[in-house]
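*Asks:* The sequence and its predicted three-dimensional model are supplied below.
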Amino acid sequence: MPHDFDTGLMWFRRDLRTTDNATLHQALRRCRQVHCVFIFDTEILAALPRIDRRVEFIRESLSELDEALRKLSGQAQGGLIVRHALASDEIPRLACELQVQAVFAGRDDEPQALARDQQVAHELQTADITLITCKDHVIFERREILTQGGTVYGVFTPYKRNWLSRLAPEDLADHPIDALGQRLAARPLEFQARVPTLADIGFEKSNLSTLKIPTGMHGGSQLFEDFFERMDSYDTTRDFPAVKGPSYLGVHLRFGTVSIRQLVATAWQRQLAGSAGAAVWLSELVWRDFYVSILANFPQVAQSAFKPEYDAIAWETGLEAQALFTAWCEGRTGYPLVDAAMAQINQTGYMHNRLRMVVGSFLVKDLGLDWRWGERYFAEHLNDFDLSANNGGWQWVASSGCDAQPYFRIFNPVSQSEKFDPQGKFIRRYLPQLAELSNKSIHAPWLAKPLELQAAGVTLGGNYPIPIVQHDEARAKTLARYAVVKKIPSA
Ligand SMILES: Cc1cc2nc3c(=O)[nH]c(=O)nc-3n(C[C@H](O)[C@H](O)[C@H](O)COP(=O)(O)OP(=O)(O)OC[C@H]3O[C@@H](n4cnc5c(N)ncnc54)[C@H](O)[C@@H]3O)c2cc1C
């Protein structure tokens, strides 16, 4: 097969897999031989706590990737080069040392990633090396799905309609690399170091393995196979946090240990076969593309409200606001569903989607705190943290985003609890001190009779907090706070 370049460098980032990897496929097709690298970017790692499940997830996934690349190359010296360095310096340096003519990377439209890639492209250019980026982690990107007027959609439903009507088998085509595997280069002697340990990069082991969160390509496949059995009932189970309804694939989609094309292809086929569950799940994957395109086209959302008039809202500040925020973070609000959800994220790095909406709404519309505080907390704690989806989710609950819930829709944390955790199973799992309360009282312990509280071993203000705000009062305050939005005409 003819090739465009003699030697290429495949730079893995959020695509840690050898199966259906569009970028790796292109690199192997266009180069006689390809080296592979992953950089633990010191700029990104510096901001993280020394125990971080995501760093461990990546590290474990890299071990598998390294092994898979070696096998595919058919050479004992094949495999992944892993560096711990500033990516914007290290990639150009490595490209020169390995004497490559092209560097291949999966496209990433987060503002920081774009700035880094621009810097890398510039450095490479001075050495006459090309940076080639490929679409891999979404189905449609940037300006591929536009309104009839050629503008970017700000509303999900017509975006989804257009997305689905555009979807064609070639968008989901596999990118096999088995036949091209012999183009994977052997690593020169000085690049043959093993994948660094967590300690090598200054991190410690988290509870990832205790939680049995499966990593790497095999972990992604295992979760997907498991979910496949449940996909048809996703529409009816997905809202109940005590039920194993969703796929738990978020972290795998984040780091690309599964292929979005393979997931969409399966969901699409099942939807066409009449599965309502698959149709709803496919919709969630379309939301993912939607938010990626919003961030790519409106990068200002990373700092500001999508609807600028919402930046006029005056959020609570000062010591009292800080104390309310700390209580929210630590799951001490006195609202059991909110506190159980915060315990879930704090203990596992995962939070059920329904609960992300409930705790988000509580932060913004019951505590009157800036949605960016919650966004930052989620960014630090979620295993599946993704800037576009997290920002989209927070702006949705704050009503400031595209196609967000209207500002006057305010979740009642007690009725959400009664509706979505009717038997209090989820609450009991994360708040064992409330386990003995009745199914009725567990949603609002302050309404329980003193005798019931005593019999259940619950002391309000002791082993469980008194509510830090009254929902009805908070609701009225929020409506007043948001009134400013109505006074400013939309841009
Ligand atoms: C305030 C808030 C913050 C959020 N932060 C994130 C985040 O940082 N990262 C993230 O991936 N999702 C985020 N979501 C969306 C959603 O909650 C998670 O994707 C989902 O709970 C992950 O669990 P799962 O993999 O089991 O999802 P499933 O229900 O099995 O869905 C499958 C996949 O679809 C995508 N998806 C599902 N819902 C959404 C959505 N509303 N928007 C965009 N993509 C979606 C995700 O990639 C998810 O893994 C957030 C939602 C809210 C309300």
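*Replies:* Perfect, thanks for sending it.

*Asks:* For the chain, which segments count as strands?
*Replies:* 5-12, 31-41, 80-85, 102-106, 130-134 (DSSP state E).

*Asks:* Please save the CA atoms from the third one in PDB.
*Replies:* Extracted C-alpha coordinates of strand 80-85, given in PDB (Å, rounded to 0.1, in the frame of the first residue of the first chain):
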ATOM      1  CA  LEU A  80       3.500   2.500  23.700                       C
ATOM      2  CA  ILE A  81       6.000   5.300  24.600                       C
ATOM      3  CA  VAL A  82       4.700   6.900  27.800                       C
ATOM      4  CA  ARG A  83       6.200  10.200  29.000                       C
ATOM      5  CA  HIS A  84       5.600  12.400  32.100                       C
ATOM      6  CA  ALA A  85       6.200  15.900  30.700                       C
END
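
*Asks:* what's it in contact with?
*Replies:* 12, 35-42, 45, 62, 65-66, 69, 90, 94, 187, 191, 193, 195-196, 200-201 (Cβ atoms under 8 Å, 6 or more residues apart in numbering). All C-beta atoms are positioned from the backbone trio N, CA, C, and that covers glycine.

*Asks:* got the strands of the chain as CSV, with mean neighbour count, distance to S293 and mean pLDDT columns?
*Replies:* Output for those, formatted as CSV (neighbours: other Cβ atoms under 10 Å; distance: least, Cβ to Cβ, whole Å; pLDDT from 0 to 100):
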stretch, mean neighbour count, distance to S293, mean pLDDT
strand 5-12, 23, 23, 98
strand 31-41, 22, 25, 98
strand 80-85, 20, 31, 98
strand 102-106, 24, 16, 98
strand 130-134, 18, 16, 98
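
*Asks:* could I get those as CSV with distance to A115?
*Replies:* Shown next, in CSV, are the strands of the chain (distance: least, Cβ to Cβ, whole Å):
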stretch, distance to A115
strand 5-12, 16
strand 31-41, 13
strand 80-85, 18
strand 102-106, 14
strand 130-134, 13
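
*Asks:* Just tell me which of those strands ends up closest to the ligand.
*Replies:* strand 102-106 (15.8 Å; Cβ to the nearest ligand atom).

*Asks:* which other helices and strands contact that closest one?
*Replies:* With contacts taken as 3 or more Cβ pairs under 8 Å, 6 or more residues apart in numbering; DSSP states H and E, strand 102-106 sits against strand 5-12, helix 22-30, helix 111-126, strand 130-134.

*Asks:* run the last query once more with 6 Å
*Replies:* strand 5-12, helix 22-30, strand 130-134 (3 or more Cβ pairs under 6 Å, 6 or more residues apart in numbering; DSSP states H and E).

*Asks:* Burial check on I294, number of neighbours?
*Replies:* When neighbours are counted by other Cβ atoms under 10 Å, I294 registers 24.

*Asks:* Then Q269?
*Replies:* So Q269, with other Cβ under 10 Å, has 12 neighbours.

*Asks:* now swap in the one 10 residues further on and tell me
*Replies:* Residues within reach of A279, counting by other Cβ under 10 Å, total 17.

*Asks:* In contact with it, which residues?
*Replies:* Q271 (Cβ atoms under 6 Å, 6 or more residues apart in numbering).

*Asks:* run the last query once more with 8 Å
*Replies:* Neighbours of A279 in contact, by Cβ under 8 Å, 6+ apart: D235, A267, Q271.

*Asks:* isn't the last one right next to S283, touching?
*Replies:* No: between Q271 and S283 no contact is recorded; they are 9.4 Å apart, counting by Cβ atoms under 8 Å.
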